[in-house]
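Student: Sharing a model that was predicted from the sequence below.
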Amino acid sequence: MSKRILLAVTGSISAYKAADITNELTKKGFLVDVMMSESSTHFITPLTIQSLSKRPVHTDVMKEIHPDKINHIELAKQADLFVVAPASANIIGKLANGIADDLISTVALALRPEVAKLIAPAMNTNMYLNPIVQRNLASLKEVGFQEIPPRESLLACGDFGSGALATVETILSDISDVLQNNDQQ
């Protein structure tokens, strides 16, 4: 049976890279269920992701695909791996503080404890280095999230520094490593 990866895409200019992540994971035979925050849909459309994943894209916590199942609970139950890429400062803060006010944050709280969790921040350097964001990332690490650190690069805003989403290759490699480690346990 194929591993099921739950990919959460949040509002960042790098949201377009979710298409490459989804496409590559799907080509490798993974079932990729994608959740998109409302703000991410301003950068890339759910239709693009759906076309690549060959699966419905989830955007609304209140939309139930199957009336007999609660969508955010079902998504959480079926996940072998939870990946947030790109992860905005907003979702990092929500996850670190247990706020469940949208689909992504609600699913994250419903995950089984043994589900591996990866988070790939992407934001302006000053935002990424802000002590509040760093504290939130540290809190997430304490509860089992593994960070895929951002790259140092020229950012969309014109600043240079740490905050660019890790490369697609790095994200795919980290996903592969986590899944292999889980298989060995």
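Tutor: Good, I have the coordinates. Residues are numbered from 1 along each chain as shown.
Student: List the contacts of Ile175.
Tutor: 5, 25, 81, 83, 118 (Cβ atoms under 8 Å, 6 or more residues apart in numbering). Heads up, the C-betas are built off the backbone N, CA and C, glycines and all.
Student: Which pair of these spans the longest distance?
Tutor: Comparing every pair within these by Cβ to Cβ identifies Leu25 and Leu118 as the most remote, at 12.3 Å.
Student: Looking at the two, which one has more neighbours?
Tutor: For Leu25 versus Leu118, neighbours defined as other Cβ atoms under 10 Å are more numerous around Leu25 (24 against 21).
Student: Compute the distance between that one and Val178, please.
Tutor: According to Cβ to Cβ, to the nearest Å, Leu25 stands 13 Å off from Val178.
Student: Next, the contact list for Leu140, please.
Tutor: With contacts defined as Cβ under 8 Å, 6+ apart, Leu140 is in contact with 92, 95-96, 117, 119, 147.
Student: Sort out which one of those lies nearest His42 for me.
Tutor: The shortest separation between His42 and any of these is 18.9 Å, and it belongs to Ile92 (by Cβ to Cβ).
Student: That closest one contacts Val133, correct?
Tutor: Yes - counting by Cβ atoms under 8 Å, Ile92 does reach Val133; the two are 6.1 Å apart.
Student: For the two, list the residues in contact with both.
Tutor: Common neighbours of Ile92 and Val133, using Cβ under 8 Å, 6+ apart, are Pro121.
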